[in-house]
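Colleague: Predicted coordinates and the sequence they were generated for:
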Amino acid sequence: MAISFNSGVLKSSDISATTSDAGVGQRPDRRRIFNFGDRVAELVPEESPFFVYLNQVAKSPTDDPVFRYLENRNRISFTDRSFKIKGAVGSVSAGSSYSFTVDTADGAAVEYLIKGMVFAVGTKDDADGYGQALVRVESGLSHGSDQSTFTGKVIDVSAVSGSDSIADDDVAQIIGSSYEEGSGAPDVFSSELEDDFGYTQIFKTAA
């Protein structure tokens, strides 16, 4: 059953106002009336409005129903790549390797941290003068349910007194990577855009 609409020119009425709020119809009616009769699609109640609309738009056949697009899904594309040191490492020195245990602020494993990445650990705060230690991940990571462990090599330490001591809950932030030249590492990371695809046709399945 189709719904019909009246078409034609519609005019608004202007009723004279009174000095007080009286009965219905005695205040000015300045509503503007629009005629959308020729723009409203006829809908059958049993059908979906979306497919009713599709039946009324123009259709053009295509010899290739698949379209492709590029999507950036780099593994290290994160807005915040910070985590925390879980368990004090102690005093460190540049050029030496140490065992690190880290977790996220929510107490989970740092799964986006991979071998070859470089991170900075904030070892001092503004009370004593800011300081940090730069560490490179030297081994593959072992991920648990609430932490990640690996071997890290200290690249450099700030000259601020006390910067060479990495304590529990020190905040770390990934600042880059240091992969061996020509190594092709890491295998799981690529800076290339991913090639994905979709269909230009809409397939309706049975309910």
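Modeller: That came through fine.

Colleague: Would you mind naming the residues that bridge with residue 124?
Modeller: According to DSSP bridges, the residues that bridge with residue 124 are residue 131.

Colleague: how about it, what does it touch?
Modeller: Residues near residue 124 by CB atoms under 8 Å, 6 or more residues apart in numbering: 130, 131, 132, 158, 160, 162, 163. Backbone N, C-alpha and C define where each C-beta goes, glycine included.

Colleague: Look up how far residue 68 lies from it.
Modeller: 51 Å (CB to CB, to the nearest Å).

Colleague: related to what we said a few turns ago, ok, the contacts of residue 124 vs residue 106, which is closest?
Modeller: Nearest to residue 106 among the contacts of residue 124: residue 132, at 23.2 Å, using CB to CB.

Colleague: quick one: pLDDT of the closest one?
Modeller: Looking at residue 132, its pLDDT is 88.

Colleague: Not counting sequence-adjacent ones, nearest residue to it?
Modeller: residue 120 (4.8 Å; CB to CB, 6 or more residues apart in numbering).

Colleague: quick one: that neighbour and residue 130 touch, right?
Modeller: No. Using CB atoms under 8 Å as the test, residue 120 is too far from residue 130 to be in contact (10.9 Å).

Colleague: So those two - more neighbours on which side?
Modeller: More crowded of residue 120 and residue 130, by other CB atoms under 10 Å: residue 120, with 19 against 13.

Colleague: Check the secondary structure at that one for me.
Modeller: Three-state call for residue 120 (DSSP: H, G, I helix; E, B strand; the rest coil): strand.

Colleague: let's have the chain start at 17 instead
Modeller: Right, with 17 as the first residue, what we last looked at is residue 136.

Colleague: so what's it bridging to?
Modeller: residue 150, residue 189.
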